[in-house]
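Participant: All I have is the shape, not the residue letters:
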């Protein structure tokens, strides 16, 4: 940390700062994938979201939706005119904005996917070469 | 999911897609905070990073750094000319690019912090009002 470090960096790194507290809730793979799905696929029921976001468990989906609703980025709409009541999750305007911002991480992951996978392969190969070299003769 | 859903959305939501696999490694609070610290504070030793990123444990820091190094976004430089050897972590050019992209989430957290905290307060109050109403007389 030095005098030239921007304020927003110091805030987000500081565990006592309100913006850090917001960041940790949202900088999470499931939260971000749910926001992206709701933004680009549209409002969905619980079971539709579970199919949309591959690999998410029911418990994690329920917990993530509750956290996003509490943060004011997702809204739970209940249509009581049908029986049983139809519950649909959608984004608030704040959530739409965040989903649009989150897109940069998805874009980056897609654009740099080959490079990251190549780096992983090289890393794993250098580790196993080192392990072989370290084995007793 | 429908025909108008963009390809990049379908990719990142698909558990079998290579870019999803990259996304889940990096869309994580500790990974993103480490990238931001290395980008805007500069190259750091392990203990400096632990102080910089408030609240991270030693075990989580070690695990996150190894994962970021494997993904090719962080490099571990060992200066063997001093004793004991000095180990410093820094970003690769790929990591610098990702850190710059991640900034949007930090900016958003800071810009919308008040609104998110107000939403949390309203959510918690409506829950406790409901709990009181549901109590037996």
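Facilitator: Looks like it came in fine. Model, not experiment: these values are computed from the prediction. Residues are numbered from 1 along each chain as shown, chains lettered A, B, ... in the order given.

Participant: what packs against the longest helix belonging to chain A?
Facilitator: Using DSSP state H, we find that the single longest helix of chain A is helix A:113-134. Under the contact criterion of 3 or more Cβ pairs under 8 Å, 6 or more residues apart in numbering or on different chains; DSSP states H and E, helix A:113-134 touches helix B:18-26, helix B:58-70, helix B:93-111. In short, each C-beta sits where N, CA and C put it, glycine included.

Participant: Give me the residues contacting the shortest one.
Facilitator: Identification of contacts with helix B:18-26 by Cβ atoms under 8 Å, 6 or more residues apart in numbering or on different chains yields A:29, A:33, A:54, A:105-106, A:108-110, A:112-114, A:116-117, B:8, B:11-14, B:31-32, B:67, B:71, B:73, B:98.

Participant: Report the angle between it and helix A:113-134.
Facilitator: Orientation check (axes from the mean of the first three to the mean of the last three Cα atoms, to 10 degrees): helix B:18-26 against helix A:113-134 gives 70 degrees.

Participant: helices or strands next to the helix or strand following helix B:18-26 in the packing?
Facilitator: Under the assignment DSSP states H and E, the closest C-terminal helix or strand after helix B:18-26 is helix B:29-40. On a contact count with 3+ Cβ pairs under 8 Å, 6+ apart, helix B:29-40 meets helix A:7-13, helix A:18-26, helix B:46-52, helix B:58-70, strand B:74-79, strand B:86-91, helix B:93-111.

Participant: does the lowest-mean-pLDDT helix or strand in chain A come close to chain B?
Facilitator: Taking mean pLDDT, DSSP states H and E as the measure, the helix or strand of chain A with the lowest value is helix A:7-13, at a mean of 78. Yes - using Cβ under 8 Å from any Cβ of the partner chain, helix A:7-13 reaches chain B at A:8-9, A:11-13.
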